[in-house]
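Asks: no sequence for this one, just the structure:
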(Lines give C-alpha, C1' and ligand atoms only; values in the text may rest on other atoms or scores of the structure.)
Protein backbone atom coordinates (compact mmCIF):
# COMPACT_ATOMS: atom_id res chain seq x y z
CA UNK A 1 0.00 0.00 0.00
CA UNK A 2 1.33 3.43 -0.90
CA UNK A 3 1.46 6.32 1.57
CA UNK A 4 -1.38 8.03 -0.31
CA UNK A 5 -3.55 4.92 -0.06
CA UNK A 6 -2.85 4.62 3.66
CA UNK A 7 -3.88 8.23 4.19
CA UNK A 8 -7.02 7.73 2.10
CA UNK A 9 -8.03 4.80 4.34
CA UNK A 10 -7.58 6.97 7.42
CA UNK A 11 -4.66 5.01 8.80
CA UNK A 12 -2.88 6.43 11.87
CA UNK A 13 0.19 8.53 11.15
CA UNK A 14 2.85 10.24 13.24
CA UNK A 15 2.41 13.97 14.07
CA UNK A 16 5.00 14.89 11.41
CA UNK A 17 3.08 12.91 8.77
CA UNK A 18 5.60 10.08 8.56
CA UNK A 19 4.51 6.40 8.76
CA UNK A 20 3.67 4.85 12.10
CA UNK A 21 6.54 2.75 13.48
CA UNK A 22 5.81 -0.76 14.75
CA UNK A 23 8.25 -3.13 16.45
CA UNK A 24 7.48 -6.85 16.04
CA UNK A 25 9.07 -9.15 18.64
CA UNK A 26 8.77 -12.91 18.02
CA UNK A 27 11.32 -15.73 17.96
CA UNK A 28 9.57 -17.51 15.08
CA UNK A 29 11.19 -15.94 11.96
CA UNK A 30 8.43 -16.98 9.57
CA UNK A 31 5.69 -15.56 11.77
CA UNK A 32 7.64 -12.36 12.42
CA UNK A 33 8.14 -11.85 8.67
CA UNK A 34 4.45 -12.47 7.92
CA UNK A 35 3.47 -9.93 10.56
CA UNK A 36 6.00 -7.42 9.21
CA UNK A 37 4.67 -7.84 5.68
CA UNK A 38 1.07 -7.33 6.81
CA UNK A 39 1.99 -4.19 8.74
CA UNK A 40 4.07 -2.76 5.89
CA UNK A 41 1.05 -3.28 3.64
CA UNK A 42 -0.76 -0.86 5.96
CA UNK A 43 1.90 1.73 5.09
CA UNK A 44 3.67 1.42 8.44
CA UNK A 45 7.42 1.24 9.06
CA UNK A 46 8.35 -2.05 10.72
CA UNK A 47 11.37 -3.50 12.48
CA UNK A 48 11.68 -6.96 14.01
CA UNK A 49 13.53 -8.62 16.88
CA UNK A 50 13.82 -12.31 17.68
CA UNK A 51 14.51 -12.11 21.42
CA UNK A 52 13.90 -9.83 24.37
CA UNK A 53 17.29 -8.17 24.71
CA UNK A 54 17.40 -7.41 20.98
CA UNK A 55 13.91 -5.92 21.24
CA UNK A 56 15.04 -3.54 23.98
CA UNK A 57 18.04 -2.42 21.92
CA UNK A 58 15.98 -1.94 18.76
CA UNK A 59 13.30 -0.01 20.65
CA UNK A 60 15.85 2.49 21.97
CA UNK A 61 17.00 3.28 18.45
CA UNK A 62 13.71 2.88 16.56
CA UNK A 63 11.34 4.61 19.04
CA UNK A 64 8.26 2.62 17.94
CA UNK A 65 4.71 3.96 18.12
CA UNK A 66 3.42 0.46 18.93
CA UNK A 67 4.89 -2.94 19.81
CA UNK A 68 3.69 -6.45 18.95
CA UNK A 69 5.30 -8.60 21.65
CA UNK A 70 5.39 -12.38 22.03
CA UNK A 71 5.11 -13.49 25.65
CA UNK A 72 7.42 -16.51 25.22
CA UNK A 73 10.93 -15.50 24.11
CA UNK A 74 14.20 -17.47 24.25
CA UNK A 75 16.07 -15.21 26.69
CA UNK A 76 13.79 -13.04 28.85
CA UNK A 77 10.02 -13.26 28.68
CA UNK A 78 7.73 -10.66 27.19
CA UNK A 79 6.60 -9.37 30.59
CA UNK A 80 10.20 -8.46 31.46
CA UNK A 81 10.65 -6.85 28.06
CA UNK A 82 7.51 -4.82 28.61
CA UNK A 83 8.72 -3.55 31.98
CA UNK A 84 11.98 -2.41 30.36
CA UNK A 85 10.14 -0.72 27.49
CA UNK A 86 7.76 1.02 29.88
CA UNK A 87 10.73 2.47 31.75
CA UNK A 88 11.74 4.43 28.65
CA UNK A 89 8.44 4.81 26.75
CA UNK A 90 5.60 4.63 29.30
CA UNK A 91 2.83 5.36 26.80
CA UNK A 92 3.69 3.14 23.81
CA UNK A 93 0.79 0.72 23.07
CA UNK A 94 1.75 -2.96 23.41
CA UNK A 95 -0.13 -5.90 21.88
CA UNK A 96 0.81 -9.26 23.39
CA UNK A 97 1.01 -12.46 21.34
CA UNK A 98 0.47 -15.55 23.44
CA UNK A 99 -0.02 -19.26 22.86
CA UNK A 100 -1.76 -19.47 26.22
CA UNK A 101 -5.38 -18.53 26.80
CA UNK A 102 -5.90 -18.85 30.55
CA UNK A 103 -7.42 -16.01 32.54
CA UNK A 104 -4.28 -15.86 34.69
CA UNK A 105 -2.00 -15.31 31.69
CA UNK A 106 -4.24 -12.62 30.27
CA UNK A 107 -4.40 -10.80 33.60
CA UNK A 108 -0.61 -11.09 34.01
CA UNK A 109 -0.03 -9.47 30.63
CA UNK A 110 -2.55 -6.69 31.09
CA UNK A 111 -1.54 -5.85 34.66
CA UNK A 112 2.11 -5.74 33.59
CA UNK A 113 1.12 -2.84 31.35
CA UNK A 114 0.09 -4.53 28.11
CA UNK A 115 -2.83 -2.89 26.30
CA UNK A 116 -4.30 -5.91 24.52
CA UNK A 117 -3.51 -9.50 23.56
CA UNK A 118 -4.07 -11.93 20.69
CA UNK A 119 -3.95 -15.68 21.24
CA UNK A 120 -2.10 -17.90 18.77
CA UNK A 121 -3.09 -19.04 16.23
CA UNK A 122 -4.46 -15.73 14.99
CA UNK A 123 -5.23 -14.03 11.69
CA UNK A 124 -2.99 -11.24 10.42
CA UNK A 125 -6.10 -9.15 9.87
CA UNK A 126 -6.96 -9.45 13.57
CA UNK A 127 -3.50 -8.25 14.63
CA UNK A 128 -3.68 -5.29 12.25
CA UNK A 129 -7.19 -4.39 13.46
CA UNK A 130 -6.16 -4.58 17.13
CA UNK A 131 -3.12 -2.37 16.47
CA UNK A 132 -5.23 0.20 14.63
CA UNK A 133 -7.60 0.30 17.59
CA UNK A 134 -4.78 0.69 20.13
CA UNK A 135 -3.15 3.54 18.22
CA UNK A 136 -6.42 5.39 17.71
CA UNK A 137 -7.22 4.99 21.40
CA UNK A 138 -3.77 6.32 22.30
CA UNK A 139 -4.23 9.27 19.92
CA UNK A 140 -7.55 10.20 21.54
CA UNK A 141 -5.90 10.16 24.95
CA UNK A 142 -2.90 12.27 24.02
CA UNK A 143 -2.35 15.74 25.39
CA UNK A 144 -4.87 18.25 24.09
CA UNK A 145 -2.08 20.80 24.42
CA UNK A 146 1.47 20.50 25.71
CA UNK A 147 0.24 20.65 29.29
CA UNK A 148 -3.23 19.10 29.26
CA UNK A 149 -4.38 15.51 29.75
CA UNK A 150 -7.99 14.91 28.78
CA UNK A 151 -10.02 11.76 29.49
CA UNK A 152 -13.74 12.20 28.90
CA UNK A 153 -14.88 15.22 30.94
CA UNK A 154 -11.80 15.02 33.21
CA UNK A 155 -9.09 17.58 32.37
CA UNK A 156 -5.70 17.94 34.03
CA UNK A 157 -3.31 20.84 33.38
CA UNK A 158 0.12 19.53 34.30
CA UNK A 159 1.68 23.01 34.35
CA UNK A 160 -0.84 24.77 36.60
CA UNK A 161 -1.75 21.58 38.52
CA UNK A 162 -5.44 22.36 37.98
CA UNK A 163 -7.90 19.50 37.64
CA UNK A 164 -11.47 19.93 36.44
CA UNK A 165 -14.31 17.51 35.86
CA UNK A 166 -17.18 18.73 33.74
CA UNK A 167 -15.73 22.20 34.21
CA UNK A 168 -15.73 22.06 38.01
CA UNK A 169 -12.38 22.74 39.71
CA UNK A 170 -11.19 19.89 41.95
CA UNK A 171 -8.57 20.51 44.63
CA UNK A 172 -6.02 17.71 45.08
CA UNK A 173 -3.01 17.18 47.32
CA UNK A 174 0.38 16.71 45.65
CA UNK A 175 0.26 12.91 46.00
CA UNK A 176 -3.36 12.70 44.83
CA UNK A 177 -2.36 14.74 41.78
CA UNK A 178 0.53 12.38 40.97
CA UNK A 179 -1.69 9.32 41.34
CA UNK A 180 -4.37 10.81 39.09
CA UNK A 181 -1.75 11.86 36.54
CA UNK A 182 -0.43 8.28 36.35
CA UNK A 183 -3.97 6.94 35.89
CA UNK A 184 -4.74 9.54 33.20
CA UNK A 185 -1.54 8.80 31.32
CA UNK A 186 -2.62 5.16 31.16
CA UNK A 187 -6.35 5.28 30.39
CA UNK A 188 -8.20 1.95 30.14
CA UNK A 189 -5.06 0.12 31.26
CA UNK A 190 -5.22 -2.01 34.40
CA UNK A 191 -2.53 -0.77 36.80
CA UNK A 192 -1.50 -3.04 39.65
CA UNK A 193 -0.82 -1.76 43.16
CA UNK A 194 2.85 -2.63 42.67
CA UNK A 195 3.05 -0.51 39.51
CA UNK A 196 1.36 2.42 41.22
CA UNK A 197 3.66 2.20 44.23
CA UNK A 198 6.71 2.13 41.98
CA UNK A 199 5.63 5.07 39.77
CA UNK A 200 3.89 7.31 42.31
CA UNK A 201 5.71 6.52 45.56
CA UNK A 202 9.00 5.50 43.90
CA UNK A 203 9.64 2.32 45.81
CA UNK A 204 9.09 -1.35 45.14
CA UNK A 205 6.01 -3.27 46.24
CA UNK A 206 6.63 -4.48 49.78
CA UNK A 207 3.39 -4.91 51.64
CA UNK A 208 2.41 -1.23 51.44
CA UNK A 209 -0.55 -1.73 49.12
CA UNK A 210 -2.86 -0.19 51.73
CA UNK A 211 -1.49 3.27 50.93
CA UNK A 212 -2.63 2.82 47.32
CA UNK A 213 -6.11 1.78 48.42
CA UNK A 214 -6.26 4.77 50.74
CA UNK A 215 -5.31 7.30 48.08
CA UNK A 216 -7.59 5.73 45.48
CA UNK A 217 -10.46 6.18 47.94
CA UNK A 218 -9.45 9.84 48.42
CA UNK A 219 -9.47 10.36 44.64
CA UNK A 220 -12.83 8.68 44.21
CA UNK A 221 -14.43 11.01 46.76
CA UNK A 222 -13.17 14.01 44.80
CA UNK A 223 -13.34 12.80 41.19
CA UNK A 224 -16.32 10.45 41.17
CA UNK A 225 -18.59 11.82 43.92
CA UNK A 226 -22.05 12.42 42.47
CA UNK A 227 -20.87 11.56 38.94
CA UNK A 228 -20.49 8.53 36.70
CA UNK A 229 -17.47 6.69 38.15
CA UNK A 230 -14.17 6.84 36.27
CA UNK A 231 -11.88 4.96 38.67
CA UNK A 232 -12.67 1.24 38.75
CA UNK A 233 -11.29 -1.67 40.79
CA UNK A 234 -10.57 -5.03 39.14
CA UNK A 235 -10.45 -7.40 42.07
CA UNK A 236 -7.10 -9.17 42.24
CA UNK A 237 -5.68 -7.12 39.37
CA UNK A 238 -5.60 -3.41 40.18
CA UNK A 239 -7.23 -0.18 39.08
CA UNK A 240 -8.28 1.30 35.76
CA UNK A 241 -9.44 4.77 34.75
CA UNK A 242 -11.88 5.19 31.89
CA UNK A 243 -14.39 7.87 30.88
CA UNK A 244 -17.60 7.89 32.88
CA UNK A 245 -20.55 6.36 31.08
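Replies: Okay, I see it. Note that the structure is predicted; figures quoted are calculated from it, not measured. Residues are numbered from 1 along each chain as shown.
Asks: Going by C-alpha atoms from here, please, whenever you check contacts or count neighbours.
Replies: Will do.
Asks: Tell me, how many residues neighbour residue 127?
Replies: By other CA atoms under 10 Å, 21 other residues sit near residue 127.
Asks: How about residue 180?
Replies: Counted by other CA under 10 Å, the residues lying close to residue 180 total 21.
Asks: element containing it?
Replies: helix 174-185 (DSSP states H and E).
Asks: Going by neighbour count, list what's buried in that helix.
Replies: In terms of neighbour count (16 or more other CA atoms under 10 Å), helix 174-185 has its buried residues at 176-185.
Asks: Equivalent analysis for stretch 37-46, please.
Replies: For stretch 37-46, by 16+ other CA under 10 Å, it's 38-40, 42-46.
Asks: Quote the end-to-end distance of it.
Replies: 9 Å (CA to CA, to the nearest Å).
Asks: can you tell me the average pLDDT over the lengthiest helix in the chain?
Replies: Criterion DSSP state H: the longest helix present in the chain is helix 124-140. What helix 124-140 shows for mean pLDDT is 81.
Asks: That one packs against which elements?
Replies: Applying 3 or more CA pairs under 8 Å, 6 or more residues apart in numbering; DSSP states H and E, we find helix 124-140 packed against helix 29-41, strand 116-119.
Asks: distance between that helix and the chain's centre?
Replies: 12 Å (CA atoms, centre = their mean, to the nearest Å).
Asks: Which SSE is immediately downstream of that helix?
Replies: strand 148-151.
Asks: for that next one, which positions count as buried?
Replies: Neighbour-count burial for strand 148-151 flags 148-151 (criterion: 16+ other CA under 10 Å).
Asks: what do you get for stretch 188-207?
Replies: 188-197, 200.
Asks: quick one: which of those residues is nearest to residue 31?
Replies: Ranked by distance to residue 31 (CA to CA), the buried residues of stretch 188-207 are led by residue 189 at 27.2 Å.
Asks: And the closest residue in space to the closest one that isn't next to it in sequence, how close does it get to residue 69?
Replies: In this structure, residue 189 finds its nearest non-sequential neighbour in residue 240, 5.7 Å apart by CA to CA, 6 or more residues apart in numbering. Between residue 240 and residue 69 the computed distance is 22 Å (CA to CA).
Asks: the more surrounded of these two?
Replies: Ranked by neighbour count (other CA under 10 Å), residue 240 and residue 69 place residue 69 first, with 28 against 20.
Asks: all helices for this structure, in order.
Replies: Going by DSSP H, the chain shows helices at 3-8, 29-41, 52-62, 78-88, 103-111, 124-140, 174-185, 193-196, 209-223.
Asks: and the third one, which residues are buried?
Replies: Across helix 52-62, burial judged by 16+ other CA under 10 Å covers 52-53, 55-56, 58-59, 62.
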